[in-house]
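> got a sequence here, can you build the structure:
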Amino acid sequence: MPDFIPPGLNPLEIPEIVAMVGQQIPLSRRTLLPNPYTGTYTNPVPVTLFAPRDLLVCTAVCQAWRRILLPLLWRYYDGALMRHVPLRVLQKASVYFRIFRDPVGQYHQGPFFSTHLQQLIVSLQHEWGVPFLDANPGLKHLTWTGLGRPLEDQQFMALARLGQLRDLCLSNCSLVGRSLASVLMASPGLSRLSLSAVDGITHLDELSNMSFLEEIALGYLPINSQSAVLDDLTRFCPNLRRISFLGTWGSTNDCFDIAAGAGIAGGRRQGRDLLKLSSILRVFCPELESIHFTAAYCFGVDRFNTLQDYELAALAESSDRLTSFGAEISSLGRMLTDALICQSRTLVAVDLCIRRKYPHQYPHDGGGEGGGGMGFGLGGDTASALPVASTTGGGLFELDILDHGIGALAKHSYWDEDDEDGQTSGLGGGQSRDIVNAARILTHCSNLRVFRLTSDEKWIRMEEAMALFARPWACLGLEVLSLGHISMPATPPPSSSRKRKTCWRSTSSGSGSGSGSGPSTSSVARGKTTKRSTKRNRHDGSPKSAVATPHSLSSSYPSPSPPPSLPPPSISPSPKTSHMQFTGLTATNNNSNISIGGGTQDLGGVDGTTGNDEVNNYSLFSGESSLISPSSISPSYFVDPRQAVVSTTGT
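Numbers count the residues shown, from 1 in each chain. Model prediction:
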């Protein structure tokens, strides 16, 4: 026994130790339920089940353990997860609730008797909602979903009396005739504000300095409400660090005016004057670090209201400390690219999603499924659609064809310094502007850690994708790279479980006969010598590039160092690199590692119980434990409950 524990004192009687043990006991687990339509496990449904039995048993050890573990057992309430717990049990245990989540309100009608809540996610359809707010004046996180009607006097006054809020999220309600400023001023320590589908925000003249507000997140807002928040509220937020907002359409007539060619004037009638917002953010929000814009979709004209290139560039220039930028764009233009490159000193993450004007006009173009040529498609003979790799003038050095189609892409090709346009001889001039500008970002932003460029077109042409690798990348510490819909790790896992479906040998400078006139041997002979030739080429002196492989297939490739005459491949993953993605070409799902627990499964999946694992004796104490998925719980816990580490602070 350690010296700091007095003799005769049992460590299991120390409250802090018992509490730490209780925090590590999982209260829910992941399992698979049968398909509700077929009653079989052909396409099982993964669910999270409430499993408090282990902690229930611990509370029955002694009175001391019961007194310590009960607050941990009932710290979290989730209406959906605990839908099978009797209401009377929950009402008795509600005094221990610290986090309350019931956004739907269809499972337990209450009332509950919590008085020390820290986080509340609730709908206004609860009749006990207003008394619940008044009973918890120390509430720090509130997510309140309305019914689309204006707030009543009691509801608004209860909201304005919460003086300890740190996070406020309002949605689907109207503040017509109310003052949002009075709610914000009542909580001077507010650090995050989220508004979605909130109408009637007009008067913010009463605001003073909101020095604690660090994040503003706006969903759909009418034009006047969005302008009031973006143009007025941001003037009072000197410490604002993150802002995200959704592009707002005006009336239906405005949508058709834009479709008819009203252009920028129609866009500004929607309250999207990004030039004005950019100047406000630059002057009044010097600490701004993250900007994200989401384009709304208008069904009337079948298009996204993406911003113009100059508007996006102005948005990216709103701060001198920009570390994260995300936007849904129609194309990656030169002005936005230049603006992001100017932020290379601080820029760490870029997340761009291309939204075309008419998404349904862009069919898949690859793999022989029609369209205009070779691309990353999901059908057809993928191997026959691939170009022959060549080492002349740079370009693709090695391409691996795995079980899931094109599973690996050459991570880097060497750049000929004499080629000022950055176009390899094997690619020609058909490169996409989006890919070329993406390559410019990767070439100049040395501090980049995350780069995502996705598209609703769902494919990337081979010759266009190769433009990414025409020049060495400056981001040596890149951790996440996402393109289209292909996913692979930056650091290949061990080769023990790798399976190779087809091995396609690329030509090298020492092989002489890999390009030009076609194959000199039969396909059978090539198939027999592929593996041997590939192994020999990896040890010769010709420059090779590292190859990234998919998540689902563990693989390991050696990465020979290039000759001294060639620049080192700057895209090679650094020791800190943990994840690189080429999202989107894996058509086959990975095998599930989720094991089905013992016992007889209920094929109906109605009561949420599986076998004897969920038979809980609630008579051990006055209620059932509930564990939802709060922010304090590691997300990996819900993937593999056996490795769960549940951490809660306080009681």
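
> what about the residue lying closest to Gly189 once chain neighbours are set aside, neighbour count?
Nearest residue to Gly189, sequence neighbours excluded (C-beta to C-beta, 6 or more residues apart in numbering): Phe212, at 5.1 Å. Placement of C-beta: from N, CA and C, glycine included. As a burial measure, Phe212 scores 14 neighbours (other C-beta atoms under 10 Å).

> residues contacting the closest residue to Ser344 other than its chain neighbours?
Distances taken as C-beta to C-beta, 6+ apart put Cys445 closest to Ser344, at 4.2 Å, once the chain neighbours are dropped. Going by C-beta atoms under 8 Å, 6 or more residues apart in numbering, Cys445 touches Leu340, Ile341, Gln343, Ser344, Leu347, Val350, Ala474, Cys475.

> so which of these are in helices?
Among the contacts of Cys445, DSSP state H puts Leu340, Ile341 in helices.

> that older thread, measure the residue nearest to Ser344 to Ala316 for me?
Look at Cys445 and Ala316: by C-beta to C-beta, to the nearest Å, they are 12 Å apart.

> can you list residues touching both of these two?
Both Cys445 and Ala316 are contacted by Leu340, Gln343, under the criterion C-beta under 8 Å, 6+ apart.

> who are the contact partners of Met335?
Taking C-beta under 8 Å, 6+ apart, we find Met335 in contact with Asp309, Tyr310, Leu312, Ala313.

> now these in JSON lines, with secondary structure?
Putting the contacts of Met335 into JSON lines (DSSP: H, G, I helix; E, B strand; the rest coil) gives the following:
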{"residue": "Asp309", "secondary structure": "helix"}
{"residue": "Tyr310", "secondary structure": "helix"}
{"residue": "Leu312", "secondary structure": "helix"}
{"residue": "Ala313", "secondary structure": "helix"}
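
> and those, which are buried?
Neighbour-count burial (16 or more other C-beta atoms under 10 Å) applied to these gives Asp309, Leu312, Ala313.

> so which bits of stretch 111-126 are buried?
Buried residues in stretch 111-126, counted by 16+ other C-beta under 10 Å: 111-112, 114, 116-124, 126.

> isn't Pro46 right up against Arg29?
No - using C-beta atoms under 8 Å, Pro46 is not in contact with Arg29; the gap is 11.2 Å.

> pLDDT below threshold where in the chain?
Applying pLDDT under 70 to the chain flags the ranges 1-6, 248-272, 298-302, 356-432, 456-464, 484-651.

> per-domain residue ranges of it.
10-77+599-651, 117-233+241-248 (automatic domain parsing).

> from those, which stretch is densest packed?
Counting by mean count of other C-beta atoms under 10 Å, domain 117-233+241-248 has the highest mean neighbour count of the domains of the chain, with a mean of 18.

> still on that earlier bit, ok, the residue nearest to Ser344 to Leu277 distance?
Here the criterion is C-beta to C-beta. By it, Cys445 lies 24 Å from Leu277.

> do the same with Leu468
The spacing between Leu468 and Leu277, counted by C-beta to C-beta, is 32 Å.

> got a list of contacts for the strand or helix carrying Ala438?
Per DSSP states H and E, Ala438 falls inside helix 433-444. Residues from elsewhere that reach helix 433-444 (C-beta under 8 Å, 6+ apart): 331-334, 336-337, 340-341, 344, 350, 352, 354, 422, 448, 451, 453, 455, 460, 464-465, 467-475, 478, 571.

> go on, stretch 337-351?
For stretch 337-351, the surrounding residues in contact (C-beta under 8 Å, 6+ apart) are 289, 292, 312-314, 316-317, 320-327, 437, 440-441, 444-452.

> before we move on, what about stretch 168-185?
In contact with stretch 168-185 (C-beta under 8 Å, 6+ apart) are residues 124, 142-151, 156, 159-160, 187, 190, 192-201, 203-208, 210, 219.

> quote the end-to-end distance of it.
12 Å (C-alpha to C-alpha, to the nearest Å).

> and for stretch 85-104?
End-to-end for stretch 85-104, by C-alpha to C-alpha: 17 Å.

> use 30 as the first number for this chain going forward.
Renumbered: residue one is now 30, and that last one reads stretch 114-133.

> can you point out the buried residues in that stretch?
114, 118-120, 122-132.

> so which of the residues you listed are in helices?
Assigned to helices by DSSP H, the following of the buried residues of stretch 114-133 qualify: Val118, Leu119, Gln120, Ala122.

> okay, helices next: where are they in the stretch 80-229 of the chain?
Counting by DSSP state H, counting those that start in this stretch, the segments of the stretch 80-229 of the chain that form helices are 82-88, 92-102, 116-122, 158-163, 182-189, 209-215.

> can I get the ones you listed in JSON lines with distance to Asn253?
As requested, the helices of the stretch 80-229 of the chain are exported to JSON lines (distance: least, C-beta to C-beta, whole Å):
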{"stretch": "helix 82-88", "distance to Asn253": "51"}
{"stretch": "helix 92-102", "distance to Asn253": "46"}
{"stretch": "helix 116-122", "distance to Asn253": "42"}
{"stretch": "helix 158-163", "distance to Asn253": "27"}
{"stretch": "helix 182-189", "distance to Asn253": "19"}
{"stretch": "helix 209-215", "distance to Asn253": "12"}
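
> quick one: which of the ones you listed is nearest Met49?
Nearest of the helices of the stretch 80-229 of the chain to Met49, taken as C-beta to C-beta: helix 92-102 at 10.1 Å.

> assign Thr77 to helix, strand or coil.
Following three-state DSSP, Thr77 is assigned to strand.

> is it in contact with Arg112, as I believe?
No - with contact defined as C-beta under 8 Å, Thr77 does not reach Arg112; the gap is 12.0 Å.

> measure Leu304 to Ile252 for me?
For Leu304, the distance to Ile252 - C-beta to C-beta - is 17 Å.
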